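**Q** sharing a sequence plus its predicted fold:
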Amino acid sequence: MGADIKSLRTRIKSVSSTLQLTKAMGLVASSKIRKAQLVRTRAIEYSDSLASIVDVLTSSRECQKSPYLKMGEGVSEIVVIAGDRGLAGGYNANIFRFLREMENIEITPVGKKACERFTAEIISSEHFSHSDALLMATRLCNDFKEGKCARVGVVYTKYVSMISQVPDIKWILPLEKKEEQKTGGAVAIFEPDEASMLEKSVPLYVAGLLYACVKESFACEVVARRSAMDSAGKNATSMIDELMLKYNRARQGTITQEITEIVAGSGEGEN
């Protein structure tokens with residue numbers, strides 16, 4: 001009986017430590033959510049602004065021969081965005097499961113978990129900057145223009161709501177050909193010409209899109225981590241309650257046994 005009490009006490013202490021850890025990680029994730037959501041929103045707005053410029057350029061006749069509008073042959077280069085840490089429910093696992101369905105690809109990982117999985121230099125998803133995005137975008141654009149890949153895409157986690165985040169893929173290159181836009185008012189004028197501007201704009205557009213995808217994925221990560229820690233905390237609390245009930249019963253049983261032994265010993269002494 002004494003051994004059972006000691007074992008239960010050890011388990012309660014262990015689960016209590018886990019509960020404290022999950023609470024701490026949940027609080028950290030909660031503190032990051034608001035900032036992550038704000039950065040995500042601004043990054044998407046910036047990316048959309050660049051996309052609108054590129055749409056105008058790709059709709060012009062002068063840009064129809066651009067290498068950025070032509071599908072190549074061979075592998076697809078995929079930027080895979082995962083988290084820097086675990087303990088975020090199925091956040092990282094869902095990305096890697098989504099990736100298993102794709103074939104004939106070369107991977108550029110972002111996020112510590114992705115970099116470790118694909119044996120690459122560590123690129124943090126939390127601290128991913130626009131400079132990092134521009135450096136990566138420049139390489140991807142050059143690879144595409146040189147025919148090293150057929151297309152370029154990014155696998156990331158799309159934010160749906162606070163309770164729903166889903167893995168998705170966004171194809172970046174080749175650019176989609178837009179119909180020539182007819183404007184009733186002012187007409188955009190590009191200097192020196194549309195083709196030159198498209199050449200300079202595409203790396204910035206790709207960088208903006210990569211940056212937005214990373215920031216959206218990070219927002220999903222912190223939301224998923226808080227949800228996972230809340231769930232783990234509830235499970236730990238429930239487990240502690242069950243262990244405490246068993247512990248109190250075991251103690252009561254020990255006390256009852258000791259009282260019985262004392263009474264029995266007292267009766268034998270009187271005889």
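**A** Arrived safely, thanks for sending.

**Q** every contact and neighbour count from this point should use C-alpha atoms.
**A** Fine.

**Q** for the longest helix anywhere in the chain, name the packing helices and strands.
**A** As assigned by DSSP state H, the longest helix anywhere in the chain is helix 194-270. Other helices and strands packing on helix 194-270, by 3 or more CA pairs under 8 Å, 6 or more residues apart in numbering; DSSP states H and E, are helix 2-58, helix 91-99, helix 130-145, strand 151-161, strand 164-173.

**Q** out of the ones you listed, flag the one nearest residue 74.
**A** strand 151-161 (8.6 Å; CA to CA).

**Q** now the closest one: buried residues?
**A** Neighbour counts over strand 151-161 (16 or more other CA atoms under 10 Å) mark 151-159 as buried.

**Q** list the contacts of residue 243.
**A** Counting by CA atoms under 8 Å, 6 or more residues apart in numbering, residue 243 touches 8, 11-12.

**Q** possible to save the residues you listed as a markdown table with neighbour count and distance to residue 34?
**A** What follows is those, written out as a markdown table (neighbours: other CA atoms under 10 Å; distance: CA to CA, whole Å):
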| residue | neighbour count | distance to residue 34 |
| --- | --- | --- |
| 8 | 19 | 40 |
| 11 | 16 | 36 |
| 12 | 20 | 34 |
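
**Q** so what does residue 104 look like in phi/psi?
**A** Phi and psi for residue 104, reported as degrees, to the nearest 10, are phi 60, psi 60.

**Q** tabulate the contacts of residue 243 (a markdown table), appending pLDDT.
**A** Formatted as a markdown table, the contacts of residue 243 follow (pLDDT from 0 to 100):
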| residue | pLDDT |
| --- | --- |
| 8 | 80 |
| 11 | 82 |
| 12 | 82 |
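
**Q** and those as a markdown table, adding distance to residue 52?
**A** Converted to a markdown table, the contacts of residue 243 look like this (distance: CA to CA, whole Å):
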| residue | distance to residue 52 |
| --- | --- |
| 8 | 63 |
| 11 | 59 |
| 12 | 58 |
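
**Q** could you report the pLDDT at residue 183?
**A** The score at residue 183 is 50. That number is its pLDDT.

**Q** and the one 10 residues further on, by the same measure?
**A** pLDDT recorded at residue 193 is 85.

**Q** tally up the residues packed near residue 35, please.
**A** A count of neighbours around residue 35, defined by other CA atoms under 10 Å, yields 12.

**Q** I meant to write residue 104 there.
**A** That count, for residue 104 with other CA under 10 Å as the rule, works out to 8.

**Q** what of the one 4 residues further on?
**A** For residue 108, the number of neighbouring residues by other CA under 10 Å comes to 19.

**Q** could you look up the SS state of it?
**A** Counting by DSSP: H, G, I helix; E, B strand; the rest coil, the backbone at residue 108 sits in strand.

**Q** what about the residue nearest to it when sequence neighbours are not counted, distance to residue 193?
**A** Take residue 108 and drop its neighbours on the chain: the residue closest to it by CA to CA, 6 or more residues apart in numbering is residue 79, 4.6 Å away. To residue 193, residue 79 is 31 Å away according to CA to CA, to the nearest Å.

**Q** those two - which one has more neighbours?
**A** residue 79 (24 against 12).

**Q** mind listing what the helix or strand hosting the more buried one pairs with, with the direction of each?
**A** Using DSSP states H and E, residue 79 maps to strand 76-81. Here strand 76-81 has these sheet partners by DSSP bridges: strand 105-110 (parallel), strand 151-161 (parallel).
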